[in-house]
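Student: Show me the folded form of this:
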Amino acid sequence: MSSTPSGEPIVRICNLRKTYLSKERQGVFRSRERPVEALKGVSLDIYPGEIFGLLGPNGAGKTTLIKCLTTLLIPTSGALFVNGYEVGRDEDSVRASIGCMLMGERGLYWKLTGRENLEYYGALYHLPATARRQRAQEIIELLSLHSIVDRAVETYSSGQKMKLAFARALINNAPLLVLDEPTNTLDVPSARELRAIVRDLNRRGHTVIYTTHQMTEAEELCDRVAIIDRGQVIALGTVEELKASIQRDGVIRVSGVVPEAALARVRSLEHVREAALTAGDGCAELRVVTQQPRLLLPGLIHALYESGAVIQDIAPAQVTLEDVFVTLTGRTLAEDTRVA
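Tutor: Numbers count the residues shown, from 1 in each chain. Sure, this is the predicted structure:
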């Protein structure tokens, strides 16, 4: 039984579809238009006070969904409501209800200082001069930006630019925060600090939509998660509910040199429910979902050696959201599913 929150949702997404027309080259001087379905009937309710995760690989449709929600894209069909306002009819009220971090550092003005960026975006939200200066100072203190905020943004490191982009999302103190891959270019300590701030903002009453392709972030932060793949929601629930959906299974993790050909051989073994391979720099990771780990292990090792694999480590592993995705799709979250 799903522990869906009760009450009126702050975000309601109803059968949302988005189709792009992509040009496909037909020779040197000719091309034809080909429809690409980025969203295929997505329906979700998000409730006040949640940190709601959108988890999926690159190309799954997460950013398209967020751009429709924040009025940057017009959906092909379906309906969207934010804070009681309908996207497409009450655009100004929808935008006033959302603080969003999209496109990371690309949304900043590099010739302005950090403080000037914050005050400029405050003006776009029609905050009076005194109020926007005060709000900018509150955010500077919250994010400890004192050492960089009065320098031109073009002098910032990538991590500092991402931090300022996050600060910009807070300027209008909106009830809903939409954060699209906010830790994408941050180092480990900065990413940890940002996640702690997100939790604190949530405790202060902000609802958060957090998109990521990193399952550890979703497990650490989110109350509920929607796993999106190829434009569709394929699983929805709390982290524990999603893990429990395959809890009767076990997971075996193999690291080493694993040829691509070994994957098909492993999938053909008795007791294997699903398997997926993630390539790395000279070392790959194979995750095998099975209902009988002990029975499978000897045959798995034999099949890998026969396929030319070099096993560096093999061990049982805790079930993660990555394993849920592998079980549902046969792929890992690292795989890019964008359509050219």
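Student: CA atoms for contacts and neighbours, from now on please.
Tutor: OK.
Student: Now that we're looking at Glu181, what pLDDT does it have?
Tutor: If you check Glu181, the pLDDT there is 87.
Student: just the strands in the protein please.
Tutor: 11-25, 31-46, 51-55, 77-82, 85-86, 98-101, 176-180, 207-212, 224-229, 232-237, 250-257, 272-278, 284-290, 310-317 (DSSP state E).
Student: Go through the last one and flag the buried ones.
Tutor: Buried residues in strand 310-317, counted by 16 or more other Cα atoms under 10 Å: Val310, Ile311, Ile314.
Student: Show me what that strand is packed against.
Tutor: Under the contact criterion of 3 or more Cα pairs under 8 Å, 6 or more residues apart in numbering; DSSP states H and E, strand 310-317 touches strand 250-257, helix 293-306.
Student: neighbouring contacts of the longest helix seen in the chain?
Tutor: Criterion DSSP state H: the longest helix present in the chain is helix 188-203. With contacts defined as Cα atoms under 8 Å, 6 or more residues apart in numbering, helix 188-203 is touched by Gly49, Glu50, Ile51, Leu143, Gly159, Thr183, Val208, Leu221.
Student: now swap in stretch 322-333 and tell me
Tutor: 56-58, 213-215, 227, 234, 242-243, 245-246, 251, 273-278, 287, 289.
Student: and with 7 Å instead?
Tutor: Contact with stretch 322-333 is made by Gly56, Pro57, His213, Met215, Leu242, Lys243, Ile246, Glu274, Ala275, Ala276, Thr278, Val289, as judged by Cα atoms under 7 Å, 6 or more residues apart in numbering.
Student: And the pLDDT at the second one?
Tutor: Put plainly, it is Pro57. Note on Pro57: pLDDT of 85.
Student: does it really touch Ile228, like I thought?
Tutor: No. Applying Cα atoms under 7 Å, one finds Pro57 not in contact with Ile228, separated by 8.0 Å.
Student: what's the pLDDT at Gly104?
Tutor: 67.
Student: pLDDT below threshold where in this structure?
Tutor: Along the chain, the model assigns pLDDT under 70 to residues 1-4, 6, 27-29, 103-104, 247-248, 281, 336-340.
Student: ok, 80 please
Tutor: Residue ranges of the chain with pLDDT under 80: 1-6, 22-33, 103-106, 185, 246-249, 280-282, 332-340.
Student: hmm, which two among the contacts of stretch 322-333 are most spread apart?
Tutor: Largest separation among those by Cα to Cα: Leu242 and Thr278, giving 21.4 Å.
Student: Of those two, give the one with the bigger neighbour count.
Tutor: Leu242 (23 against 17; other Cα atoms under 10 Å).
Student: Return the residues in contact with that one.
Tutor: Contacts for Leu242 (Cα under 7 Å, 6+ apart) come out as Val324.
Student: Now stretch 219-229: buried residues?
Tutor: Glu219, Leu221, Cys222, Asp223, Arg224, Val225, Ala226, Ile227, Ile228, Asp229.
Student: Contacts for that stretch next, please.
Tutor: Applying Cα under 7 Å, 6+ apart, the contact partners of stretch 219-229 are 50-56, 60, 233-239.
Student: Over to stretch 296-305?
Tutor: By Cα under 7 Å, 6+ apart, stretch 296-305 touches Ala262, Arg265, Val266, His271.
Student: now swap in stretch 82-100 and tell me
Tutor: Contacts for stretch 82-100 (Cα under 7 Å, 6+ apart): 10-12, 70-71, 80-81, 169-170, 172, 174-179.
Student: How far off centre is that stretch?
Tutor: Taking Cα atoms, centre = their mean, to the nearest Å, one finds the center of stretch 82-100 at 21 Å from the center of the full chain.
Student: In that stretch, which residues are buried?
Tutor: For stretch 82-100, a neighbour-count test (16+ other Cα under 10 Å) marks 82-88, 94-100 as buried.
Student: Could you work out the end-to-end span of that stretch for me?
Tutor: Its first and final residues considered, stretch 82-100 spans 13 Å by Cα to Cα, to the nearest Å.
Student: Likewise for stretch 306-321?
Tutor: End-to-end distance (Cα to Cα), stretch 306-321: 30 Å.
Student: For that stretch, report the contacting residues that lie outside it.
Tutor: 215, 243, 251-259, 261-262.
Student: Which of the contacts of stretch 296-305 ranks first by neighbour count?
Tutor: Going by other Cα under 10 Å, Val266 tops those with 22 neighbours.
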